[in-house]
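Visitor: Any chance you could fold what I've pasted below:
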Amino acid sequence: MQRTRRFRRATRLAGLLTAGALLAACGAGGRPDDGDGKPAAEAGITEDTIRIGAHFPLTGVAAPGYSEIPSGHKAYYDYVNANGGVNGRKIEYVVKDDAYNPTNTSTVTNELVLKEEIFGMVAGLGTPTHSAVVDFLNAEKVPDLMVSSGSLMWGDDPAKRPYSFGWQPDYMIEGKIIGQWVKENMPDAKVGLFLQDDDFGRDGEAGARKYIDDQIVETVKYTPGNTDVAPQLAALQAAGVDLVLGFNVPSYTALSQLTAMKINFGAKWFYSNVGSDPALVGSLLARFSEGKVKGSAGLLDGILTTEYIPGTDATDSEWLKLWQKVWDAHGAEGELTNYRIYGLSQAYTFVQGLQAAGDNPTREGVVEALEKVGSTLEGPGLAPFRYSEDSHLGISGMEVVRLKDGKGEALTPVLVTDIGDAPIKEDDSAAKDAPPANGIPDVQPAF
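Guide: The predicted model follows:
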C-alpha cells in the first residue's frame, strides 16, 4: 500500500501542452485520439513495449562505479518484464556511453531522442554532463526522470524545466545536514572545502555555509579530468584545516586520500555520499597507488559521510534482500554493489511513475502523475520524495554515518529538509517502508 499523505490536486504547468492542442481529444494523462477512437502513437511506446534511455560513463575516468548503475536498472526492468511488464508493456532500456564528457553527452542524447525515439530519459548521470542536455530534453518535451545527480537544476524550477525530475537528495540539503552536524559536534573545527568545480560543489558549499560559514577557513576546487590535486591539498594544509568537507566523485576521494598521505596532511574527512563508497574507493586507492596502498574498504575507517538508501552493508534490510533476489535472477556478471543498488532503486521509482501514468501513458501524463502522487511513492529511500507541481526535487533527507570496516554506523536519525532556509527535522517515516512480497509496486493511475 502507498503511504497516505495529503497532496494538492495537480494542474498542468503552463507550456506542457501547446495552446489548446488536442484538449478535446485527450483525457488527463491519456493518449490523444488519432481520429478513429484509437490512441495515437507516442514516441517510444508500442502496445507491447516502452523504450527509455540514458547516458552513462561506461568508459573513462568516471566509469568505476558509475558504469555499474545501468546494470541495476536493467536487472530490475528484466525482473518486471518477466512478471508481465507494466500494463502489459515490456521496458527496453537503451544506454549510451558518454565517457563523462559533456560534448559526448549531447551527441548520444541526440541519438537517443531522434534515432532511438525514446519515450523518456531515465537516470542520465552527471552534473557537468547532464547540464549539457537538460534544456534540449525540455525543449523536445522528453521526460527527464530520476537524473543521477543531486544538482538543483533538475528540480527546483519546474516552470523553467517542467520535464526534469531529480531523484537522490540534492547537494544543497546534503550540505545543510552536514553543516548542522559539524556545527553541533565539531564547533571548534577549522573547516576546509574540497569541491568539484560545478553545481555539485557550489550547491554543497551553499548548504554547508548556512551553518558553518564562520568555521570555513579555506575553499579549493578541482576540474574533473585534472588528476593533480596536490596544490589544493597543500592550500588546505597551509590554512590549518583539521576537517575537510569533500563534495567530489569517488576517483577524487581516492586521489585526495593518496595526496594527503604523501604530504602528511592529517585532517579528518567528511565526504558527500557521492564520493564515499568504501569498496570502490578502496579499489581505486590500490589502483592509483600501483599497489602501494592495498585495496580495502577499511582504508576509509573513521571517515564521515551520509546515506539515503540501504546499501550492501544493511544485511537486515528487506530491500537489500529483494535487490539480491533480483540480481541473482537477472543481473549481469559480477556481484551486487552499492552502485547497482542505486540503479535498482531508481528503476523501482520509475516503474511506480509509469504505473501512475495509467494504461496509455503519455510524456505529459508521466510528468503530471509524478507531480500529483510522487510524494506518496514508496521505495528504499530513507526519506520521502518531494515531488509536486512546485518541486521536482527528489529524496528529502539522509542520515550521517561513520565508516568502519566498510560499513556505515549511523550517527544521527534520518534528517529531512528542503532547499533554502527550510529547517532540518527528524523523519523516519519512509525508512519504515518494506517492499511488496512480489517485489513489484502497485500504484494506481493518478487520473
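Visitor: Touching, Asp199 and Val134? I think so.
Guide: No: the criterion here is CB atoms under 8 Å, and Asp199 misses it with Val134 at 11.0 Å. C-beta here means a position set from N, CA and C on the backbone, and glycine is covered the same way.
Visitor: Identify the contacts common to these two.
Guide: Met153 (CB atoms under 8 Å, 6 or more residues apart in numbering).
Visitor: what's the spacing between the closest residue to Asp97 other than its chain neighbours and Pro384?
Guide: Nearest residue to Asp97 in three dimensions, chain neighbours excluded: Leu58, at 3.8 Å (CB to CB, 6 or more residues apart in numbering). According to CB to CB, to the nearest Å, Leu58 stands 32 Å off from Pro384.
Visitor: Among those two, which residue is more densely surrounded?
Guide: The residue with more neighbours, out of Leu58 and Pro384, is Pro384; 25 against 17, by other CB atoms under 10 Å.
Visitor: Please report phi then psi for that one.
Guide: Torsion angles at Pro384 (phi, psi; degrees, to the nearest 10) stand at phi -70, psi 160.
Visitor: show me where the chain has helices.
Guide: 63-66, 69-82, 102-110, 127-130, 134-139, 171-185, 199-212, 230-238, 250-263, 278-288, 318-330, 338-356, 363-373 (DSSP state H).
Visitor: next one: the longest one to chain centre, how far?
Guide: For helix 338-356, the separation from the chain centroid amounts to 10 Å (computed by CA atoms, centre = their mean, to the nearest Å).
Visitor: who does it touch, helix- and strand-wise?
Guide: If you count contacts as 3 or more CB pairs under 8 Å, 6 or more residues apart in numbering; DSSP states H and E, helix 338-356 packs onto helix 69-82, strand 120-122, strand 144-147, helix 278-288, helix 318-330, helix 363-373.
Visitor: How about residues contacting the fourth one?
Guide: Among residues not part of helix 278-288, those counted as contacts by CB under 8 Å, 6+ apart are 64-65, 250-251, 253-255, 257-258, 275, 293-300, 312, 337-339, 403, 406-407.
Visitor: Likewise for stretch 116-124?
Guide: Stretch 116-124 has contacts (CB under 8 Å, 6+ apart) with 42-45, 50-56, 69-70, 73, 93-94, 105, 109, 112-113, 130, 133, 137, 142-148, 167, 343, 346-347, 350, 361, 363, 366.
Visitor: neighbours around Gly84, how many?
Guide: Around Gly84 there are 11 other residues, counting by other CB under 10 Å.
Visitor: could you measure it against Val293, distance?
Guide: Note on Gly84: its distance to Val293, by CB to CB, is 48 Å.
Visitor: Likewise for Val147?
Guide: For Val147, the distance to Val293 - CB to CB - is 33 Å.
Visitor: same check, this time on Gly365
Guide: From Gly365 to Val293 the distance is 51 Å (CB to CB).
Visitor: likewise Gly397?
Guide: Taking CB to CB, one finds Gly397 at 34 Å from Val293.
Visitor: higher neighbour count, those two?
Guide: For the pair Gly397 and Val293, the greater number of neighbours falls to Gly397 (29 against 18), based on other CB under 10 Å.
Visitor: That one is in contact with Leu415, isn't it?
Guide: Yes: judged on CB under 8 Å, Gly397 makes contact with Leu415 at a distance of 5.1 Å.
Visitor: Identify the contacts common to these two.
Guide: Shared contacts of Gly397 and Leu415 (CB under 8 Å, 6+ apart): Ile177, Ala383, Asp427.
Visitor: quick check, nearest of those residues to Pro435?
Guide: Pro435 lies nearest to Ala383 out of the shared contacts of Gly397 and Leu415, by CB to CB, at 16.9 Å.
Visitor: residue contacts, the closest residue to the closest one other than its chain neighbours?
Guide: Leaving aside its sequence neighbours, Ala383 sits nearest to Gly397 (CB to CB, 6+ apart; 3.5 Å). By CB under 8 Å, 6+ apart, Gly397 lies in contact with Pro169, Ile173, Ile177, Tyr308, Leu382, Ala383, Val414, Leu415, Val416, Thr417, Asp427.
Visitor: what's the answer for Ala239, then?
Guide: Contacts of Ala239 (CB under 8 Å, 6+ apart): Lys190, Gly192, Val217, Glu218.
Visitor: So how do I select the buried members of those in PyMOL?
Guide: This is the PyMOL syntax for the buried subset of these, where burial follows 16 or more other CB atoms under 10 Å:
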select buried, resi 190+192+218
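Visitor: any chance of the contacts of Ala239 in CSV, plus pLDDT?
Guide: Listed next are the contacts of Ala239 as CSV, based on pLDDT from 0 to 100:
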residue, pLDDT
Lys190, 98
Gly192, 98
Val217, 98
Glu218, 98
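Visitor: would you list the contacts of Ala239 in a markdown table and tack on distance to Gly120?
Guide: Compiled in a markdown table, those are given as follows (distance: CB to CB, whole Å):
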| residue | distance to Gly120 |
| --- | --- |
| Lys190 | 46 |
| Gly192 | 40 |
| Val217 | 45 |
| Glu218 | 42 |
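Visitor: quick one: the closest residue in space to Glu389 that isn't next to it in sequence and Ser67, what's the gap?
Guide: Computed as CB to CB, 6+ apart, the closest residue to Glu389 that is not its neighbour in sequence is Glu371, at 4.5 Å. Distance of Glu371 to Ser67, computed by CB to CB: 32 Å.
Visitor: more neighbours, these two?
Guide: Relative neighbour count places Glu371 above the other of Glu371 and Ser67, with 26 against 18, counting by other CB under 10 Å.
Visitor: State the pLDDT value of that one.
Guide: Glu371 carries a pLDDT score of 98 in this model.
Visitor: go on, Ser296?
Guide: 61.
Visitor: Going forward, count from 178.
Guide: All set: I'll call the first residue 178, so the last point we hit is now Ser473.
Visitor: Count residues in the vicinity of Asn278, would you?
Guide: Neighbourhood size, Asn278 [other CB under 10 Å]: 22.
Visitor: among the helices and strands of this protein, which has the poorest mean pLDDT?
Guide: helix 455-465 (a mean of 89; mean pLDDT, DSSP states H and E).
Visitor: Quick check: buried residues in that one?
Guide: Pro455, Ala456, Leu457, Val458, Gly459, Ser460, Leu461, Leu462, Ala463, Phe465.
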